[in-house]
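J.: show me the folded form of this:
(3 chains)
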Amino acid sequence: MSQLTRDFFDRDALDVAPELVNKVLVSPVGSGRIVEVEAYRGAEDPASHGHRGPTPRTEVMFGPPGHLYVYFSYGMHWCANVVTGPTGECGAVLIRALEPLTGVEEMYRRRPRARRDRDLCSGPAKLCAALGINDAHGGSDLCRGTDGLAVVDDGTPAPHPPTATTRIGITKAADLPWRFVAPDSVHLSQPVRP
DNA sequence: CGTTTGATGCTCT
DNA sequence: GAGCATCAAACGG
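T.: Model (predicted):
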């Protein structure tokens, strides 16, 4: 059970993303195994929030690796990214789905519409609601684990290597295979398209 | 099953 | 004012 280091995140988002699959995201509410992520890069990725340079909203994407980039989506939801790559460059990995592990009771309390476990964290905004992640955690340092947030490797071997597919819910650069999923998981936000 | 639509507010032009 | 890295309910077959 080891916490991921700064060096793990200080690489290209495309290298970090597939290795985050099967790791465990921990919050004070509970934890879940990462089963779906998407990589977003800087200037050359028009779908990235940071592709036109830093703004007040996106500056943490240009900051040091291993911190959390939290954004407010569609006027209702929070979504969480892990910042990747060196300070000054833009990179992030969006956490899109988890398999709930601990704190499941509390997750149901925070997501009253969920009927079964696979409804709790099968989407980027769902998992933030379930784990209590919001703007208060923007910029939080996952490597130091302050705020009780961290990504850990619990040593569980992945049953299958991650599968690369196209990203979801974007209109620009929609053909790039920068979404990585645990292919056998029933907790994905959407099934892998055939 | 599948597709469509309303909710709701921030960000940048 | 347009456009969102979304979710859940409503509707049709």
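J.: so what's residue A:102 up against?
T.: Residues in contact with residue A:102 (CB atoms under 8 Å, 6 or more residues apart in numbering) are A:30, A:31. Placement of C-beta: from N, CA and C, glycine included.
J.: tell me what it is bridged to.
T.: For residue A:102, the beta-bridge partners are residue A:31 (DSSP bridges).
J.: and residue A:141, by the same measure?
T.: On the basis of DSSP bridges, residue A:141 is bridged to residue A:67.
J.: report how many residues lie close to it.
T.: 17 (other CB atoms under 10 Å).
J.: quick one: it and residue A:106, what's the gap?
T.: 24 Å (CB to CB, to the nearest Å).
J.: same question for residue A:115.
T.: 17 Å.
J.: same question, residue A:171
T.: Taking CB to CB, one finds residue A:171 at 35 Å from residue A:106.
J.: repeat for residue A:37
T.: 23 Å.
J.: residue A:146 now?
T.: 21 Å.
J.: who has more neighbours out of the two?
T.: Taking other CB under 10 Å, residue A:146 and residue A:106 do not tie; residue A:106 has more neighbours (16 against 10).
J.: my read is that one is in a helix, agree?
T.: Yes - according to DSSP: H, G, I helix; E, B strand; the rest coil, residue A:106 belongs to a helix.
J.: need the residues of chain A near DNA strand C, please.
T.: A:38, A:40, A:47-50, A:61, A:69, A:71, A:73-77, A:79, A:81, A:92, A:94, A:111, A:113-114, A:119, A:123-126, A:168-172, A:189 (CB under 7 Å from any atom of the strand).
J.: please flag which of those sit within strands.
T.: Secondary structure from DSSP state E places A:38, A:40, A:69, A:71, A:73, A:77, A:79, A:81, A:92, A:94 of those in strands.
J.: need the CA coordinates for the strand or helix carrying residue A:34. PDB is fine.
T.: Secondary-structure assignment from DSSP states H and E places residue A:34 in strand A:31-41. Taking C-alpha atoms only, strand A:31-41 is exported to PDB below (Å, rounded to 0.1, in the frame of the first residue of the first chain):
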ATOM      1  CA  SER A  31     -12.100   5.000  -1.600                       C
ATOM      2  CA  GLY A  32     -12.400   3.500  -5.000                       C
ATOM      3  CA  ARG A  33     -10.400   1.700  -7.600                       C
ATOM      4  CA  ILE A  34      -9.700   3.800 -10.700                       C
ATOM      5  CA  VAL A  35     -11.300   2.100 -13.700                       C
ATOM      6  CA  GLU A  36     -11.500   4.900 -16.200                       C
ATOM      7  CA  VAL A  37      -9.400   8.000 -16.900                       C
ATOM      8  CA  GLU A  38      -8.800  10.500 -19.800                       C
ATOM      9  CA  ALA A  39      -5.600  12.300 -20.600                       C
ATOM     10  CA  TYR A  40      -5.700  16.100 -21.500                       C
ATOM     11  CA  ARG A  41      -2.600  18.000 -22.600                       C
END
